[in-house]
Each structure stands twice: as C-alpha cells, then as structure tokens.
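Asks: just need the structure, nothing else, for what follows:
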Amino acid sequence: MVKYILIIVVMILISKINSFGQDITPIQTDRPDQTETPFTVPKNHFQMENGFSFERTDNSTKSFTNPSILFKYGISDYFEVGLITEFTTISSDKTITGLNPVTLRIKEKISDEKGILPTTSFIGYLTIPHFATDNFKATYYAPAFKFTMQHTLSEKFSLGYNLGAEWDGESPYPIFIYTITTDYSITNKFSIFSEIYGFAPEKSKADHRIDCGLSYLIRPNVSLDFSGGIGLTDNAPKYFLSTGFSFRLKD
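Replies: Okay, here's the model as predicted:
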C-alpha cells in the first residue's frame with residue numbers, strides 16, 4: 001500500500017514540475033556547497049532540496065545522511081520560511097539510525113548587489129531538541145545564524161561567502177562558521193564550484209575542510225548536483241561525498 005502511495009505522490013510532483021517548467025527565474029538552492037545563497041524562494045513558491053551524503057570520519061567511523069531535506073516556502077520576494085530534516089545512520093562499534101532534531105529556519109534578504117556591496121541575506125535557525133528519535137535527541141534548544149553574501153564578478157563567475165555561529169544543543173559555547181566559495185557557469189545549465197569552509201568552536205580546535213562539485217539545471221525549476229571534499233585538519237572528516245536533487249513548485 002505504501003509503495004502505491006509513494007508512486008502517486010511522485011507522479012503528482014512530476015506533473016506539477018512539468019507544469020511550471022517555465023517558472024519566473026531559474027531555481028536557486030542552498031546546496032550542494034556549504035555556502036548558502038542570499039537569494040530567497042519567490043513569493044508563493046514551494047521548494048524542496050534533497051541530499052544524500054556519505055562521510056568517513058576516521059578508519060572506524062562512517063555516517064550516511066539519507067536523506068537531508070530542506071523545505072522552503074516564499075512568503076514574499078524577500079522572505080522565506082523553512083524546515084530541515086535529516087535521517088542519519090552512524091556506524092562505528094555499533095550502528096545507530098534515526099532522525100536528527102528538526103530545525104526551523106527563516107531567511108530574509110537584506111539588500112541587492114550594488115557596486116562593491118554584495119547581495120546580502122540573514123538566515124536564522126532554531127533546532128528543536130526533542131523533535132527527533134530517542135537516540136538523536138539533544139538536551140537544549142540550539143539556535144544558529146548566518147549572514148550570506150554574494151558578488152557577481154562576471155557574467156559567468158561569482159564569489160559567495162557566509163559568516164555566522166551555531167550552538168550544538170549540549171554546550172553553551174558557540175561554534176563560529178565561515179565559508180568561501182567560487183562558482184563558474186560553464187553553460188546556462190551546467191556550473192561548477194570550489195569552496196573552503198570551517199567550524200571554530202570557542203573552546204576547542206577549529207575544523208577546516210575543502211570541497212568542490214557541480215550542478216545541472218534539468219529545467220528552470222529542477223536541478224541535480226554532486227559534490228565531494230576532504231578535511232584539512234586532524235579533527236575534520238577524512239572525506240565526504242554528496243548528491244542531491246531540488247525542485248520548485250508554485251501554489
């Protein structure tokens with residue numbers, strides 16, 4: 001019965017996606033890189049960004065996220081609301097699987113690009129500690145924020161960066177976040193990126209990483225992506241891989 005319901009849902013989504021193939025502007029997503037876009041979902045549009053990832057932490061520990069989903073809805077052309085869910089499997093001495101605490105999210109566009117001033121938005125998050133399976137629940141509510149900025153350097157080349165901080169739901173000390181990415185549009189549909197990013201906890205050693213990847217625009221409102229990277233510091237993962245697809249619908 002469940003598989004038939006899933007088939008019906010997929011068919012409805014495909015029908016909707018085809019109906020809005022000539023939407024307002026090409027879809028802008030917050031994946032596959034860690035640098036989130038300053039652009040918001042257009043008003044009255046629903047967007048779903050789905051990702052599947054693998055991470056090798058060390059020789060004995062690996063994790064799968066299958067999937068991570070970011071739901072977005074455009075309240076206005078400058079403001080969106082969102083919800084993040086992640087279903088995770090971690091394998092080490094034993095294997096645990098479950099839903100990470102659900103995160104609520106808002107994004108507000110602050111300014112458009114003008115001269116040397118970048119397109120800028122603010123993103124706020126709040127992770128709900130007990131809205132998760134028992135083996136992944138946190139102790140406290142965990143806020144986070146980012147300022148996300150982007151410069152258009154040429155018709156095909158852009159520079160993006162994020163600055164912010166997050167809390168893990170266990171410690172009162174913040175973890176500062178930075179990302180810097182460059183994106184190059186090879187064609188109107190195909191683009192590549194390279195990125196450096198990291199996490200700097202107030203009370204412990206910073207974790208720095210690099211990654212790169214590509215995105216392909218199947219239709220103006222549907223995209224596919226693939227990315228991978230490595231850790232630069234001892235406390236970072238050895239390597240990680242991710243793939244995903246995103247789509248946008250108008251209500």
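Asks: could I get the full set of helices for this structure?
Replies: For the chain, the helices defined by DSSP state H occupy 2-19.
Asks: what's the weakest-modelled helix or strand in it?
Replies: helix 2-19 (a mean of 46; mean pLDDT, DSSP states H and E).
Asks: okay, now the unreliable bits of the stretch 1-150 of the chain?
Replies: Within the stretch 1-150 of the chain, the ranges that satisfy pLDDT under 70 run 1-24.
Asks: where do the strands sit along it?
Replies: In the stretch 1-150 of the chain, the strands defined using DSSP state E, counting those that start in this stretch lie at 45-56, 62-76, 79-91, 95-99, 103-111, 119-127, 142-152.
Asks: what's the answer for the stretch 151-251 of the chain, then?
Replies: Applying DSSP E, counting those that start in this stretch to the stretch 151-251 of the chain gives strands spanning 157-166, 175-185, 190-201, 207-219, 222-231, 239-250.
Asks: what pairs with the second one, parallel or antiparallel?
Replies: Here strand 175-185 has these sheet partners by DSSP bridges: strand 157-166 (antiparallel), strand 190-201 (antiparallel).
Asks: over to the longest one?
Replies: Strand 207-219 sits in its sheet next to strand 190-201 (antiparallel), strand 222-231 (antiparallel), going by DSSP bridges.
Asks: again, but for the last one
Replies: Based on DSSP bridges, the pairing partners of strand 239-250 within the sheet are strand 45-56 (antiparallel), strand 222-231 (antiparallel).
Asks: in it, what's buried?
Replies: Within strand 239-250, the residues that count as buried by 16 or more other C-beta atoms under 10 Å are 240, 242-249. C-beta: built from backbone N, CA, C; applies to glycine.
Asks: likewise for the longest one?
Replies: Within strand 207-219, the residues that qualify as buried by neighbour count (16+ other C-beta under 10 Å) are 207-209, 211-213, 215, 217, 219.
Asks: contacts for that strand?
Replies: 17, 21, 26-27, 29, 32-34, 188-200, 223-233, 235-237, 240, 242 (C-beta atoms under 8 Å, 6 or more residues apart in numbering).
Asks: pull the contacting residues for the residue nearest to Lys109 when sequence neighbours are not counted.
Replies: Counting by C-beta to C-beta, 6 or more residues apart in numbering, Tyr78 is the residue found nearest to Lys109 once chain neighbours are left out, at 4.2 Å. Tyr78 makes contacts with 40, 108-109, as judged by C-beta under 8 Å, 6+ apart.
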